[in-house]
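[1] what's the 3D shape of this:
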Amino acid sequence: MDLIPSFSVDHTRIVPGIFISRQDKLGDHVITTYDVRVTRPNREPAVDVSAMHSLEHVIATYLRNEPQWKDEIIYWGPMGCLTGFYLILKGNRPSKEIFNLLLNAFRSVENYEEVPGATAENCGNYLLHNLNMAKWYAARFADYLEANADKSETFEYPKTTRLVTDKGLNFYDS
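    Just a heads-up that it's a prediction; the model follows:
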């Protein structure tokens with residue numbers, strides 16, 4: 001069975017940043033899935049699950065209320081590996097074009113005094129939140145983005161090398 005494209009990226013070389021994960025056509029429209037990588041996979045600890053949950057709520061609220069972008073947002077949610085998020089937008093913008101949107105979204109976390117929708121009526125696990133830790137991760141990521149805004153590695157997946165198949169196992173040979 002072939003690996004799906006997102007499993008074909010060398011996760012030992014990904015750094016925090018904003019990457020195009022995939023683009024899909026829906027009728028006449030293109031939607032783009034962005035990999036918003038907050039930590040270095042397999043080299044840094046995953047984001048604390050309660051902080052990740054809070055970031056999901058806060059940033060989803062920001063994105064879906066941002067006047068210039070709210071009609072473009074399809075989805076915002078955490079990766080299962082807890083090293084980042086997926087953002088799905090209408091259109092096919094390069095990663096750099098959404099830089100300010102995401103920088104502002106992560107900077108906005110500092111202004112929240114409570115997590116939106118963190119009640120038993122609004123959330124499937126309302127006790128699993130940590131806004132203070134979410135603020136720490138958000139500031140760390142926003143600082144990183146600002147410090148690395150001119151680097152291609154912040155916006156482009158690491159180049160992969162040829163795929164080698166041996167006895168049904170796929171791996172990259174460097």
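[2] So which residues of this protein form helices?
    Ranges of helices within the chain are 49-65, 99-108, 131-147, based on DSSP state H.
[3] what about the chain, any weak spots by pLDDT?
    1-6, 160-174 (pLDDT under 70).
[4] if you set the cut-off to 90 instead, what comes out?
    Applying pLDDT under 90 to the chain flags residues 1-12, 158-174.
[5] Chain neighbours aside, what residue packs nearest to Tyr34?
    Among residues not flanking Tyr34 along the chain, Leu87 sits closest, at 4.4 Å (Cβ to Cβ, 6 or more residues apart in numbering). No exception for glycine: its C-beta is placed from N, CA and C like everyone else's.
[6] Can you get me a residue count around the one you found?
    24 (other Cβ atoms under 10 Å).
[7] what are the bridge partners for it, then?
    With DSSP bridges applied, Leu87 shows beta-bridge pairing to Tyr34, Trp76.
[8] what does Ile18 give?
    Here Ile18 sits in beta bridges with Val36, as judged by DSSP bridges.
[9] Next up, the contacts around it.
    By Cβ atoms under 8 Å, 6 or more residues apart in numbering, the contact list for Ile18 reads 34-37, 95-96, 98-99, 102, 145, 154-155.
[10] just to revisit the earlier point, right, and the residue nearest to Tyr34 touches Tyr75 too?
    Yes. Leu87 lies in contact with Tyr75 (Cβ atoms under 8 Å); the separation is 7.2 Å.
[11] Which residues are in contact with each of these two?
    Common neighbours of Leu87 and Tyr75 are not found (criterion: Cβ under 8 Å, 6+ apart).
[12] sorry, back to before: with distance to Arg43 and mean neighbour count as added columns, please give the helices of the chain in TSV.
    Below are the helices of the chain laid out as TSV (distance: least, Cβ to Cβ, whole Å; neighbours: other Cβ atoms under 10 Å):
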stretch	distance to Arg43	mean neighbour count
helix 49-65	18	21
helix 99-108	21	19
helix 131-147	14	17
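[13] Indicate which one of the ones you listed is closest to Phe19.
    Taking Cβ to Cβ, helix 99-108 is the member of these nearest to Phe19, at 11.5 Å.
[14] circling back to that earlier point, tell me which two of the contacts of Ile18 sit farthest apart.
    Farthest pair in the contacts of Ile18, by Cβ to Cβ: Arg37 and Lys96, 15.0 Å.
[15] The two: which is more packed in?
    Neighbours were counted for Arg37 and for Lys96 using other Cβ under 10 Å; Arg37 has more, 23 against 13.
[16] which ones are touching the more buried one?
    Neighbour list for Arg37: 14-19, 83-84 [criterion: Cβ under 8 Å, 6+ apart].
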